[in-house]
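# Sequence plus predicted model, see below.
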Amino acid sequence: MQYFALLISQEDYLTPDERGSVMAAFESFHAKVGSAIRAGDALLPQATGAQITGGPDAPVVTDGPFAESAEVACGYYVFEAENLDDALAFARDVPVAQYGAVEVRPTYHTFDPEWSRASGAQWLALLLEPPASANVPGTPEWQAEAARHGEFATAAGDHIVGGAALHEPATATTVRVRDGEVLLTDGPYPESAEIATGFYLLSAADRDEAVKLASQIPATTVELRQLAGVSGL
């Protein structure tokens with residue numbers, strides 16, 4: 001089964017020297033976890049991204065930074081794991097867990113990493129909903145929403161490099177490591193007003209095209225972030 005892990009931290013938490021140490025820690029993490037990492041990358045600062053609200057019919061684009069929380073998404077992974085316990089074991093070894101948090105959620109369908117690497121994804125579009133508006137996969141409401149995503153997929157075509165829907169918020173676990181102790185919290189990252197319900201990886205010629213694509217996604221809010229290209233995958 002595959003699990004989406006959203007990495008969360010303060011953007012300016014680390015000094016340059018500390019960043020060098022963290023990068024070395026990520027290299028060790030990749031070597032340890034190996035093929036269980038199906039995809040992943042760091043995200044460029046929020047200031048380079050955009051937030052789209054209002055849905056495809058009346059999109060409103062806000063340039064970053066836009067988070068109300070002191071901590072923001074700084075990267076992601078897709079893990080291949082036998083079960084949730086194994087996925088959480090991977091998450092607790094992610095260096096960000098030492099000073100931030102890692103939100104782990106099972107994906108609703110399989111993510112194709114070969115497609116992602118071959119097509120050159122440049123942007124992560126994170127789909128966000130208020131908790132009360134998040135539909136449970138498999139319900140009639142979710143099926144209707146999936147149909148709208150099908151229309152988006154047809155319109156976007158090859159610009160969609162990959163992505164997946166995520167299971168309901170109750171399946172999320174937030175992982176932190178403090179002073180060597182693993183702290184697990186049931187549910188999504190609690191400081192966020194909205195929760196992730198899915199993601200797309202997009203390829204675009206430039207930021208304007210990426211924003212235009214993200215504006216067509218049927219979601220209450222789309223957080224569009226540029227990939228840093230430092231995953232090493």
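Great, that's in hand. Numbers count the residues shown, from 1 in each chain.

# which is the next helix or strand following the helix or strand bottoming out on mean pLDDT in the chain?
Across the helices and strands of the chain, mean pLDDT, DSSP states H and E gives its lowest value to helix 113-119, namely a mean of 49. Where DSSP states H and E defines the elements, the next helix or strand beyond helix 113-119 is strand 123-129.

# Now tell me what touches that following strand from outside.
6, 41, 43, 73, 76, 163, 192, 194-204, 210, 213-214, 217, 219-227 (CB atoms under 8 Å, 6 or more residues apart in numbering). Bear in mind the C-beta positions are built from the backbone N, C-alpha and C, glycine included.

# How far away from the center of its chain is whichever helix or strand comes after that strand?
Once the chain leaves strand 123-129, the next helix or strand it forms, by DSSP H and E, is helix 140-156. When distances are taken as CA atoms, centre = their mean, to the nearest Å, helix 140-156 is centred 19 Å away from the chain's centroid.

# Now tell me what touches helix 140-156 from outside.
P56, N135, V136, I160, A165, L202, L213, Q216, I217, P218.

# Go through the residues you listed and name the one nearest F90.
Of all the contacts of helix 140-156, F90 sits closest to A165, with 20.7 Å by CB to CB.

# Checking my notes, that closest one in a helix, right?
No: counting by DSSP: H, G, I helix; E, B strand; the rest coil, one finds A165 to be strand, located in no helix.

# burial count for it?
Burial of A165 is recorded as 18 neighbouring residues (other CB atoms under 10 Å).

# do the same with the one 4 residues further on
Residues within reach of P169, counting by other CB under 10 Å, total 18.

# Hmm, A132 and it touching each other?
No: using CB atoms under 8 Å, P169 makes no contact with A132, being 10.3 Å away.

# And the strands in the protein?
Assigned by DSSP state E, the chain shows strands spanning 2-9, 37-42, 50-53, 60-63, 72-80, 101-106, 123-129, 160-165, 173-178, 181-186, 195-202, 221-226.

# okay if I get those strands as TSV plus distance to V94?
As requested, these are exported to TSV (distance: least, CB to CB, whole Å):
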stretch	distance to V94
strand 2-9	6
strand 37-42	9
strand 50-53	25
strand 60-63	29
strand 72-80	7
strand 101-106	5
strand 123-129	16
strand 160-165	19
strand 173-178	8
strand 181-186	12
strand 195-202	17
strand 221-226	18
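
# Format those as CSV; extra columns: distance to D17 and mean pLDDT.
Formatted as CSV, the strands of the chain follow (distance: least, CB to CB, whole Å; pLDDT from 0 to 100):
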stretch, distance to D17, mean pLDDT
strand 2-9, 17, 95
strand 37-42, 18, 91
strand 50-53, 31, 96
strand 60-63, 31, 95
strand 72-80, 18, 93
strand 101-106, 23, 96
strand 123-129, 28, 94
strand 160-165, 34, 90
strand 173-178, 21, 96
strand 181-186, 25, 95
strand 195-202, 32, 92
strand 221-226, 25, 96
